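J.: Sequence and computational prediction follow.
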Amino acid sequence: MTDDRWGEGFLRAIQFNIEDPYGFYADKISASVIADAALRVHANTLMVFARDPWGRVFYEDSKIYPRHPNALLDLAELRELAGKKGLKLIIMTNHTANRYIYRKHPEYAQRNKDGEVIVLEHLPTAEKVVDPHWPQICLNSPALEEYLIPEAKEAVKVIKPDGVLLDSFRYLPDPPKACYCGYCKSRFKSEHGLELPDVEDEEDPAFRAAWDWRHKVTIEAMKRIRDVVKEEKPDTLLLYNSHPVGWAGRGNIIVGKARDLIDGVFAEASEFDLVDYSYIPMVTKISRALIGDSKPVFVTRNLFYIFRTVQSATRLAVKQGVRSIVAAGGYPVATMFSSQFVEDPRALDYLAEVYEELERVEDLLVGVKPVRYAALLFDSETHDKYFWRRPAMYLAELEGLTQILMSRNLPLEFITIADLKKKAGEYSVLIAPSTAVVSDDVEEFLKSYVENGGLLIATGEFGVMRPDYTYRHALALEEVMGLTLEGFLEAGYAYLQLDFSIPLYEEYWNELPRSVVLGDQSVRFKKERAEKELGDLVRVRPITSKVLALVKTAKAPYGYEYTLGRSTPPPDSNLENAAGITLTPYKLGTIIYYAGRIGAHYSRIGHPDYAELILRPLLKHAPEPQVLVEGPELIQTEYYTKGENIIVHMVNHTYNQRILTAPTGPSKQALPTFIPPYSVHPPRAIVPIHNVVVRAKVDVGREYKAYEALSRQDLDIVKDGSYVEVKLNSLDEYAIVVIEPRG
């Protein structure tokens, strides 16, 4: 879960941001005010800016930047107070934006291929960038040597923090977002002998080189800053600010490549207000997989509601967000801006409730190990090389499969290619969601994983490309699976046929519909009527594999029932010899292959039919998990062991008022004016869940007891051979069930 490297138990952080150009509230926030607030909410870790995006520092006698003129806060004083009060202090340096540098040296800014300054601020797309507030500074400019490296060194020297949070630079490889300033062009040409390409063309060697080179630029800058931080104060914990599914997820590859340089990850997950409950666990677990088991992952939950920095989030949004982070294995970071701190600090009361609760049970939060049963493979190479134009499709497949496994309360972790050989053998199930880039070496390892009894589930373009950009013109493990790749079906809509013509229908699909649709209407709805790529299929011909579903075409590109052009067309005939789902027993293991993007459909539409397509074969061919919660969907269940104890976290996400409404998109048809552009309602009440059962495999020769850790209430436990069953009569907001041997 999380380590105890600071010797301070489980870390509970609060982040205070003073972040407006005029410092409206900066004169009301002092070191003592912040320290007292942290203690009041039972936090043990403080996070604050050392320098804001306008280039003003919160400490005295800087040789680099001006002191913030309105701020009472002095970080050297805060460091002293924190030490006296038992608080850890983490400062953020090298904020991505720096208006001070930009105004002195406009040439140091990142600029797109049209010469426009690249900004972090949310300007309307039609607005011209003039005198930006948050300009991005280029790492290839002299700013790195003149400002950024000295900034980190000075802040550590003056403040002597326990940790440094290094901002993420946002030096991105995508041509629409990439920097083409003179410094970038000059450095790239000197290192590669090529002009920096500004055309999106993955077949151009210069384009490929520039893509990897931009990641290299970021990591080299991180190393330079890390070196001065460690030189100044060797025991400083260096964290990197990552947005695990933000900016198309490009930050993940930096964390993976820099895992040996940094001491931990700061993962921004505050979009929870806008997405479903699987988002926080997904962000937390991806970050844990990327950085490695022994390093901490800090995950954010805003104390304000969506973009309303002056308005408190609801009690449940705060408490369940924090609990979701903790249950998934992260350290919680509650983020607050100065305006909310002064105008609407109600969220601090909510935070105090949940942090006090965590303080009481912190011995159950450190030194634990996750129960390993199913692992989702996250692959930055697939993300950046195969899905580089459309990364949202890859992330949707990943997210949907996460949601499917969570819906059945199955133990779930993430794994990366870097750790595959070391860790995959610990999992009964390995899932490769549209993992298109697979090396020959990894293909051979996956074969041995199945040979030795593993269940491998693969979807979509599994292994069609190698890391060197060459194509297999086959799927990975094609011969083992008994399939032949025959191409790709680019269809707005298609169908998986599950009816009685499938010999294994009764065994796998009983009571499911005859056909399950793949595809959906476009939300852009400009030139296309169907969502691009969602209904696409890999066309495979079964040779020796067992067929669980065939592929049907649709009768038309789109349907005319009901919405006249937005609706789904009916199914037509089968594609000859085209399999949609196949199953292949291989030695001691099994491979299940899906030709379509089942996860992306579940992520988008959420219909249980898509979940059943994954869960029925999985549960039939995988062993029973060591521990499993038997309860309805919308419980986030997370499983750990500590010594001989089994620890189960259950976060209840049955919010009866939570509303997320998607727009239908434009159309020539006049749409009703009462449909809002979007609706986002926060959680305000929990629906209790009754009679939840935890079933766990235990030592046959021993007796066990069980209790709920937060209430210290003993729970009924029944032993049945090598299993025990523990009943929780009512799950309200959150429960931690502990099963431990007697005596």
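T.: That came through, no problem. Numbers count the residues shown, from 1 in each chain.
J.: If you count contacts, what does the helix or strand of the chain with the lowest mean pLDDT end up packed against?
T.: Scoring the helices and strands of the chain by mean pLDDT, DSSP states H and E places strand 659-661 at the bottom, with a mean of 76. Here strand 659-661 is seen to pack against strand 679-681 when contacts are counted using 3 or more CB pairs under 8 Å, 6 or more residues apart in numbering; DSSP states H and E. To be clear about C-beta, it is placed using only N, CA and C from the backbone, and glycine gets the same treatment.
J.: any residues touching the least confident helix or strand of the chain, and which ones?
T.: If you take CB atoms under 8 Å, 6 or more residues apart in numbering as the criterion, strand 659-661 is touched by 274-276, 676, 678-681.
J.: Neighbouring strands of it in the sheet, and parallel or not?
T.: strand 679-681 (antiparallel) (DSSP bridges).
J.: After the strand it pairs with, which helix or strand is next?
T.: strand 689-697 (DSSP states H and E).
J.: how far does the next helix or strand after that next one sit from the chain's center?
T.: Using DSSP H and E, the helix or strand that directly follows strand 689-697 along the chain is strand 704-708. Centroid separation between strand 704-708 and its chain, computed with CA atoms, centre = their mean, to the nearest Å, is 33 Å.
J.: helices or strands next to strand 704-708 in the packing?
T.: Where contact means 3+ CB pairs under 8 Å, 6+ apart, strand 704-708 is packed against strand 713-714, strand 716-720, strand 723-731, strand 734-741.
J.: buried sites along the helix or strand hosting residue 488?
T.: For residue 488, the host element (DSSP H and E) is strand 483-489. Across strand 483-489, burial judged by 16 or more other CB atoms under 10 Å covers 483-485, 489.
J.: Nearest to residue 135 among these?
T.: Of all those, residue 135 sits closest to residue 489, with 45.3 Å by CB to CB.
J.: is it true that that closest one touches residue 533?
T.: No: counting by CB atoms under 8 Å, residue 489 does not reach residue 533; the two are 11.3 Å apart.
J.: Now for the nearest residue to residue 614 once chain neighbours are set aside: which residues touch it?
T.: Counting by CB to CB, 6 or more residues apart in numbering, residue 404 is the residue found nearest to residue 614 once chain neighbours are left out, at 5.1 Å. Residues near residue 404 by CB under 8 Å, 6+ apart: 598-599, 602, 610-611, 614-615.
J.: Distance of residue 404 relative to residue 611?
T.: 5 Å (CB to CB, to the nearest Å).
J.: now residue 286, what's its secondary structure?
T.: helix (DSSP: H, G, I helix; E, B strand; the rest coil).
J.: List the contacts of it.
T.: Per CB under 8 Å, 6+ apart, neighbours of residue 286: 244-245, 252, 378, 414.
J.: Identify the residue with the minimum pLDDT among those residues.
T.: Of all the contacts of residue 286, residue 245 carries the smallest pLDDT score, 77.
J.: from memory that one sits against residue 282, does it?
T.: Yes: Residue 245 lies in contact with residue 282 (CB under 8 Å); the separation is 7.2 Å.
J.: which neighbours do these two share?
T.: residue 399.
J.: what about the helices in the stretch 51-200 of the chain?
T.: Counting by DSSP state H, counting those that start in this stretch, the stretch 51-200 of the chain has helices at residues 75-85, 99-104, 143, 149-159, 182-192.
J.: In the second one, which residues are buried?
T.: What that stands for is helix 99-104. In helix 99-104, counting by 16+ other CB under 10 Å, buried: 99-102.
J.: which residues are in contact with it?
T.: Here helix 99-104 makes contact (CB under 8 Å, 6+ apart) with 53-56, 65-66, 108-109, 117, 132-135, 137, 143, 147.
J.: Give me the buried subset of those residues.
T.: Among these, those buried by neighbour count (16+ other CB under 10 Å) are 53-56, 65, 108-109, 117, 132, 134-135, 137, 143, 147.
J.: residue boundaries of the helices in the stretch 401-550 of the chain?
T.: According to DSSP H, counting those that start in this stretch, the stretch 401-550 of the chain carries its helices in the segments 420-423, 440-451, 478-481, 505-508.
J.: I'd like the distance between residue 504 and residue 704.
T.: Counting by CB to CB - residue 504 and residue 704 are separated by 39 Å.
J.: With neighbour numbers in mind, choose between these two.
T.: Ranked by neighbour count (other CB atoms under 10 Å), residue 504 and residue 704 place residue 704 first, with 18 against 15.
J.: ok, that one - contacts?
T.: Here residue 704 is in contact with 698, 717, 719, 724, 739-742 (CB under 8 Å, 6+ apart).
J.: Count the neighbours of the closest residue to residue 713 other than its chain neighbours for me.
T.: Nearest residue to residue 713, sequence neighbours excluded (CB to CB, 6+ apart): residue 707, at 6.3 Å. Residue 707 has 17 neighbours, counted by other CB under 10 Å.
J.: With the one 5 residues further on instead?
T.: Here the number of neighbours of residue 712 (other CB under 10 Å) works out to 9.
J.: before we move on, what about residue 453?
T.: So residue 453, with other CB under 10 Å, has 13 neighbours.
J.: Same check on residue 220?
T.: Residue 220 has 14 neighbours, counted by other CB under 10 Å.
J.: Relative to residue 134, how far out is it?
T.: Counting by CB to CB, the gap from residue 220 to residue 134 is 24 Å.
J.: Determine the set of other helices and strands touching the helix ranked longest in the chain.
T.: Using DSSP state H, we find that the single longest helix of the chain is helix 205-232. Judged by 3+ CB pairs under 8 Å, 6+ apart, helix 205-232 is in contact with helix 149-159, strand 163-166, helix 182-192, strand 237-242, helix 251-257.
J.: Tell me how far that helix lies from the chain's centre.
T.: 23 Å.
J.: Now do that helix and helix 182-192, the angle between them.
T.: 100 degrees (axes from the mean of the first three to the mean of the last three CA atoms, to 10 degrees).
J.: residues near residue 125, how many?
T.: 5.
J.: the strands in the stretch 301-450 of the chain, which residues?
T.: Using DSSP state E, counting those that start in this stretch, the strands of the stretch 301-450 of the chain run over residues 304-305, 308-312, 331-337, 369-370, 374-378, 412-416, 429-432.
J.: What strands flank the fourth one, and is each parallel or antiparallel?
T.: Strands that pair with strand 369-370, judged by DSSP bridges, come out as strand 635-642 (antiparallel).
J.: Give me the buried positions along the strand it pairs with.
T.: Using 16+ other CB under 10 Å as the test for burial, strand 635-642 gives 635-642.
J.: And those, which is closest to residue 667?
T.: Of all these, the one sitting nearest residue 667 is residue 636; the distance, using CB to CB, is 36.9 Å.
J.: Okay, and the beta partners of the closest one?
T.: Beta-bridge pairing of residue 636 under DSSP bridges involves residue 651.
J.: So it sits against residue 648, correct?
T.: No: contact criterion CB under 8 Å: residue 636 and residue 648 do not qualify, at 11.1 Å.
J.: okay, and for this structure, where does confidence drop off?
T.: The model of the chain has pLDDT under 70 over residues 1-8, 247-248, 663-664, 669-676.
J.: Walk me through the domains of it.
T.: Using automatic domain parsing, the domain ranges for the chain come out as 13-367, 374-625, 628-741.
J.: how distant is the last one from the center of its chain?
T.: I take that to be domain 628-741. For domain 628-741, the distance to the chain centre is 20 Å (CA atoms, centre = their mean).
J.: what's the span of it, first residue to last?
T.: 18 Å (CA to CA, to the nearest Å).
J.: give the contact list for the residue nearest the centre of the chain.
T.: Taking CA atoms, centre = their mean, the centroid of the chain lies closest to residue 283, which sits 2.4 Å from it. For residue 283, the contacting residues are 244-245, 267-269, 299, by CB under 8 Å, 6+ apart.
J.: Tell me the secondary structure at it.
T.: helix.
J.: Now it: closest residue in space, sequence neighbours ignored.
T.: Per CB to CB, 6+ apart, closest to residue 283 is residue 269, 4.1 Å.
J.: Check whether that neighbour really touches residue 297, as I assumed.
T.: No: taking CB under 8 Å as the definition, residue 269 is not a contact partner of residue 297, at 10.2 Å.
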